[in-house]
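>>> whatever this is, show me its structure:
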Amino acid sequence: MEFKEIKPGLQLSVQKVVTEKDTALDFGTGQVTDLLATPVFAALVIEASVKLIDPHLPDQYISVGKLLNLTHDSPTTTGMTVTVKAEVRSIEANRVTLHIDAYDEVGIVGTAKHVRILVNRNNFVEKIDVRCRGIENLDR
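You can find the predicted model right below:
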């Protein structure tokens, strides 16, 4: 399968005003109140990447995350807006590599490398079903 619409240089940005629900303290990952949590930053990277790639895929295709290498360099406080810009750097067969820059009103927040794999949704769900067949009998 060729994915002709996904090319290096393709870009998209998402923005989010940081709220109390987005803070490290709320996630249990930090000791300082009012700071953007790294898991929220990671979710924004994924959101930007999916919104960039998936609309360009053929019917029945989706992208799934393979790798996320993220550096959270500077704090963003509640009330500030974080902007996450995703850019396709390369596409090889069904593997898309993206570069992400994140910034707020003060400057750079962090960067990331994100790799997504383009898959047929039905085949992917089938593989999940096969992998998980035996666990329905587990005592939960």
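
>>> make sure Arg131 is indeed in a helix.
Yes: counting by DSSP: H, G, I helix; E, B strand; the rest coil, Arg131 is found in a helix.

>>> how far away is it from Asn122?
Noted for Arg131: a distance of 15 Å to Asn122, by C-beta to C-beta, to the nearest Å. Quick note: C-beta positions are derived from backbone N, CA and C, even for glycine.

>>> what does His72 give?
His72 is 36 Å from Asn122, by C-beta to C-beta.

>>> who has more neighbours out of these two?
Taking neighbours as other C-beta atoms under 10 Å, His72 and Asn122 compare with His72 leading, 19 against 11.

>>> next up, the contacts around that one.
Residues near His72 by C-beta atoms under 8 Å, 6 or more residues apart in numbering: 38, 41, 109-110.

>>> out of the residues you listed, what pair is the most spread apart?
Maximum pairwise distance among the contacts of His72 (C-beta to C-beta): 10.3 Å, between Thr38 and Val109.

>>> more neighbours: which of those two?
Legend: neighbour count by other C-beta under 10 Å for Thr38 and Val109, higher for Val109 (22 against 16).

>>> and the one helix or strand the more buried one maps to, what does it pack against?
Assessed by DSSP states H and E, Val109 sits inside strand 108-120. Judged by 3 or more C-beta pairs under 8 Å, 6 or more residues apart in numbering; DSSP states H and E, strand 108-120 is in contact with helix 38-53, strand 61-72, strand 95-103.

>>> got a markdown table for these, with distance to Lys4 too?
Output for the helices and strands packed on strand 108-120, formatted as a markdown table (distance: least, C-beta to C-beta, whole Å):
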| stretch | distance to Lys4 |
| --- | --- |
| helix 38-53 | 13 |
| strand 61-72 | 13 |
| strand 95-103 | 13 |
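
>>> any chance of TSV for those, columns distance to Glu126 and mean pLDDT?
As requested, those are exported to TSV (distance: least, C-beta to C-beta, whole Å; pLDDT from 0 to 100):
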stretch	distance to Glu126	mean pLDDT
helix 38-53	21	97
strand 61-72	13	98
strand 95-103	21	98
